[in-house]
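Q: Sharing a sequence plus its predicted fold:
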Amino acid sequence: MISLKLQFTIILAALLLLIIVIRGVRSGQLQLKHSLLWLFLGTMNLLFALFPSVTLYFTRLIGIELPVNAIFLTSIVVAYLLILQLSINGSINELKKRMLAQKLSILEEEVRELKQQVEKIRKL
Amino acid sequence: MILRMMRVLILIPCHNESASIGQLLDEIHKLHSHLDVLVINDGSTDDSLEVIRSRKHVKVLNLPYNTGIGATVQTGFQWALKYNYDAVIRLDGDGQHPPADIPAHLNALREDSADMIIGSRFLKKHDIGYTSTFARRMGIYYLRSLLKLLTGQLIYDPTSGFISCNKKAIKWFAEYYPYDYPEPEAIQRVKQCNGRIIEIPTSMRPRLAGKSRITTFDSLYYFIKVSLALILFQGRKCNR
């Protein structure tokens, strides 16, 4: 079983996480679609700590000896998913940034040429 | 009475709608040639852009990559704000929203009936064009109830993309417009800005061409994302 102290600590930590994430979303600093995994992580840990009997049931189901390990396992799996999500986002952002730079350089040259032509017409 | 021409912009987001967008633009031009039309091409990978550019009366903003419906529509509102339009009417690029219903929006805007006017599928008794599945009807009933609870106003068609906005709402949406399935959150935003919303009946036609992109996974994401967003953004201020 989970000790009462650990149960209390996990509940506090999960609540803190949820508060930080929800505040981030409300203030617009964190996009909702990127908060979903964090919210899932916080909620799972909260539920595990609040209802140790449920945790015990699941740990037996998948063959984990110590219930608290189920909490760690979930956290690690979600953390990996979060890192993967970040890597994917980073790659997508890089592609988009490159595309913007290319478009911008083309536009810049086109605007410069247009300006020169306007200048020439004005001088005529 | 002071007669002043209301400057109205028809705003059409377009992502891979080459099969329907041309026909829609011709139809709008035939019925309402006096209105300005702005299409925002959201990184289409088909030849939507060529089709749009072949219609000389239409202005096009070509987004360099797919930004999603929210950012696309917001770009249109930013354009409308910059060029000082009095009103915006938004239609989908797939042709589901009949251009014949535009005058009803124009009338409501002229009478200053509301800041945002929603073309609603569910105010009409004899709805022939629009058929809906059970799951979709349940979803709409759920959204209707959630929005009623959070904003206090009953909106019969909270997912309608056929909306029009006056100058005030243009400014609100240019500043912030939700992303990914933005319609219910846009309603919430107008209410947070103390805006007035009314619905007017509209019919929806089957898509002119192409297929809806919404899958079962999308529906699940829609449900979670929109519910969470509406609840988390409850009580947010207009000025963000």
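A: It's in.
Q: For the chain, which segments are assigned as strands?
A: Reading this off chain A. Assigned by DSSP state E, chain A shows no strands.
Q: you looked at the wrong chain, it should be chain B
A: Taking DSSP E as the criterion, chain B contains strands spanning B:8-14, B:36-42, B:58-63, B:87-90, B:116-120, B:163-166, B:197-201.
Q: neighbouring strands for the fourth one, and are they parallel or not?
A: I take that to be strand B:87-90. The strands that strand B:87-90 pairs with in its sheet are strand B:8-14 (parallel), strand B:163-166 (antiparallel) (by DSSP bridges).
Q: same question, the last one
A: Sheet pairing for strand B:197-201, assigned by DSSP bridges, gives strand B:116-120 (parallel).
Q: Report the buried residues of stretch B:185-203.
A: Residues B:185-193, B:195-197, B:199-203 are the ones in stretch B:185-203 that count as buried (16 or more other C-beta atoms under 10 Å in any protein chain shown). Bear in mind the C-beta positions are built from the backbone N, C-alpha and C, glycine included.
Q: C-alpha coordinates for stretch B:89-108, CSV please?
A: Only the C-alpha atoms of stretch B:89-108 are listed here, as CSV (Å, rounded to 0.1, in the frame of the first residue of the first chain):
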residue,chain,number,x,y,z
ILE,B,89,-20.1,37.8,-43.4
ARG,B,90,-18.3,34.5,-43.1
LEU,B,91,-19.2,31.5,-45.3
ASP,B,92,-17.6,28.1,-45.7
GLY,B,93,-15.6,27.3,-48.8
ASP,B,94,-17.4,24.0,-49.4
GLY,B,95,-20.6,25.7,-50.5
GLN,B,96,-22.7,24.5,-47.6
HIS,B,97,-23.8,28.0,-46.8
PRO,B,98,-26.2,29.3,-49.5
PRO,B,99,-25.2,32.8,-50.7
ALA,B,100,-29.0,33.4,-51.2
ASP,B,101,-29.2,33.8,-47.4
ILE,B,102,-26.7,36.7,-47.4
PRO,B,103,-29.4,39.4,-47.6
ALA,B,104,-30.9,38.2,-44.4
HIS,B,105,-27.6,38.8,-42.7
LEU,B,106,-27.3,42.2,-44.4
ASN,B,107,-30.7,43.2,-43.0
ALA,B,108,-29.9,42.1,-39.5
